[in-house]
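J.: Fold the following.
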Amino acid sequence: MNFLKQFVALLLLGLAVTSAQATAKVHEYQLDNGMKVLVKSDHRAPVVVAQVWYKVGASYEWSGLTGVSHVLEHMMFNGTKKHGAGEFSRMIADQGGRENAFTSRDYTAYFQQLEKSRLPISMELEADRMHNLVLKKDVFSKELKVVMEERRTRTDDQPRSLTYEQFYAAAFTNSGYHNPTIGWMNDLHTLTVDDLRSWYQQWYAPNNATLVVVGDVVPDDVYAMAKRYYGAVPKGKPIMFKPRQESVQHGERRIVVEAPAKLPFILMGYKVPVLATAKDEKEAYALDVLAGVLDGGDSARFARDLIRGRQLAASAGASYDLYARMDDLFILQAIPANGHSIQEIEAALRGQVEKVKTELVDEKELKRIKAQVIAAKVYEKDSLFYQAMSLGMLESVGLGWQRQDEYVDKIKAVTAEQIREVAKKYLVNEHLTVATLKPLPIDPNKAPVFPLPERLH
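T.: Got it, this is the predicted structure:
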């Protein structure tokens, strides 16, 4: 048995053991107020993860109101009619648990991880702030300053993050993906507490939310508990939301971002469908495998050819979000190695694209990439948190949690011909946006800026 066969055999054996709990049955319930409840038992440890997902994020916002979803997430920890500011976090900590939240382009989610008997505390607190949030102007003003500082340290003073932001804004004109999740600074300056109140009233309701519970629980018991705590939350008004479809791109777009930085940087993004938008879902899975062919570990093409082989790149990568809510980008990125230019690395990236458009990926390479892609997806389910996150994310982007069970078989079915065809169809200049970071001198007298740590409420 050669090395590749040994590797695949051992990998599949490991996946079978690791995924035994991950493939446990998901129980779905619906409350009378429209809230969906998903429960998955995993009895390996006496703990539970509870997450509440709202179908709203930065891509739902419009010009002048960007950042509102993220600022509201901050304010959700600042008190309700029943519990004062900071009391939510203190109560969870007192129970030995941890909690936090995150806002993305497509959803906003709140989570707690606790010893299983403490689950009612999580539900009581989340149900309370779902409809009893208190939004005070003075607290809002303070929290808004925190978000502005977060934007400065994580985006404005980070040249690659700034390039990413400008890159997406150039690639998308009328899609919600044009806007950064943290919001444009000018919009943050004009944001009001009334804006947050309207956003909260519009989107934070049980009929726009999904409760996901994974851990050492009995599904029917969790459902009964959810009815007790969330069942009393009034149903919100019907969600009225006009879809925003990106306009057709007519030719390559290019931007240059000039900022103090040590190294240049390039981003190349091709507009592509995702699983939620593809007319033929096989194309979405083929794009996912294509990203693995280019950047699926140390033996993938970018690492082999551009970094170790020709030594053109200090780093290079490819990414694709199969589970985005709307059409997205297939992204290539790289930092040129010392002595090489942005022009050289762009030409090398384009050469890799042309190769996958004209040559079939050989069987040995395709088997290895599929094994790695599948392993990455299955191994993350060994975590209770990521098991829950997979369910909540799929529900929130409109795909349905059931799609997670299809992933392995769909990836296995991808052929070399399908990879070549999606590359030929979508990795074309008409769909391309290129952003380059042009380094400016760094002021030696300016104190270095370090990104803020992940927010802990």
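J.: List the strands paired with the helix or strand where Glu258 lies, with their directions.
T.: Per DSSP states H and E, Glu258 falls inside strand 253-260. In its sheet, strand 253-260 lies beside strand 432-440 (parallel), with partners assigned from DSSP bridges.
J.: For the strand it pairs with, give the mean pLDDT please.
T.: With pLDDT averaged residue by residue, strand 432-440 scores 97.
J.: That strand: which residues count as buried?
T.: Of the residues in strand 432-440, those buried by neighbour count under the rule 16 or more other Cβ atoms under 10 Å are 432-437. Backbone N, C-alpha and C define where each C-beta goes, glycine included.
J.: And for the strand holding Glu258, what's in contact with it?
T.: 159, 162-163, 166-167, 170-171, 432-443 (Cβ atoms under 8 Å, 6 or more residues apart in numbering).
J.: How far does that strand sit from its chain's centre?
T.: Average the C-alpha atoms of strand 253-260, do the same for its chain, and the two points are 25 Å apart (Cα atoms, centre = their mean, to the nearest Å).
J.: what comes up buried for that strand?
T.: If you call a residue buried by 16+ other Cβ under 10 Å, then strand 253-260 has these buried ones: 253, 257, 259.
J.: and the first one, bridged to which residues?
T.: Residues found in beta-bridge contact with Arg253 (criterion: DSSP bridges) are Thr433.
J.: From His431, how far out is the residue lying closest to Ala170 once chain neighbours are set aside?
T.: Counting by Cβ to Cβ, 6 or more residues apart in numbering, Ala170 lies nearest to Ile255, which is 4.8 Å off, once chain neighbours are set aside. Between Ile255 and His431 the distance, using Cβ to Cβ, to the nearest Å, works out to 16 Å.
J.: just how off-centre is stretch 432-441 within its chain?
T.: The gap between the average C-alpha position of stretch 432-441 and the chain average comes to 24 Å, counting by Cα atoms, centre = their mean.
J.: Is Ala347 part of a helix or strand, or is it coil?
T.: Three states are possible here, and by DSSP: H, G, I helix; E, B strand; the rest coil the one that applies to Ala347 is helix.
J.: Can you get me a residue count around it?
T.: 11 (other Cβ atoms under 10 Å).
J.: so how far is Pro336 from it?
T.: Relative to Pro336, and taking Cβ to Cβ, Ala347 is found at 11 Å.
J.: which outside residues touch whatever helix or strand Gln112 lives in?
T.: Gln112 is located in strand 108-115, with elements delineated by DSSP H and E. With contacts defined as Cβ under 8 Å, 6+ apart, strand 108-115 is touched by 46-54, 56-57, 69, 72-73, 76, 92, 95-102, 121-122, 126, 384-385, 388-389, 392, 396.
J.: hey, where'd the strands end up in this structure?
T.: Counting by DSSP state E, the chain has strands at residues 26-30, 36-41, 47-54, 98-103, 108-115, 209-215, 253-260, 265-272, 313-319, 328-336, 432-440.
J.: Please name whichever of those strands is nearest to Ala226.
T.: Checking those against Ala226 by Cβ to Cβ gives strand 36-41 as the closest, at 4.9 Å.
J.: mind listing what the closest residue to Gly79 other than its chain neighbours touches?
T.: Leaving aside its sequence neighbours, Gly79 sits nearest to Ala85 (Cβ to Cβ, 6+ apart; 4.0 Å). Shown here is Ala85, whose contacts under the criterion Cβ under 8 Å, 6+ apart are 77-79, 139.
J.: got it, and Met268?
T.: Each residue near Met268 by Cβ under 8 Å, 6+ apart is listed here: 331-333, 346, 349, 432-434.
J.: now with 10 Å?
T.: With contacts defined as Cβ atoms under 10 Å, 6 or more residues apart in numbering, Met268 is in contact with 167, 252, 254, 318, 329-334, 346, 349-350, 353, 427, 432-436.
J.: Select only the buried ones of those in ChimeraX?
T.: One line in ChimeraX is enough to select the buried members of those, burial here meaning 16+ other Cβ under 10 Å:
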select :167,318,329,330,331,332,333,334,346,349,350,353,427,432,433,434,435,436
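J.: I'm done for today, thanks for sticking with me.
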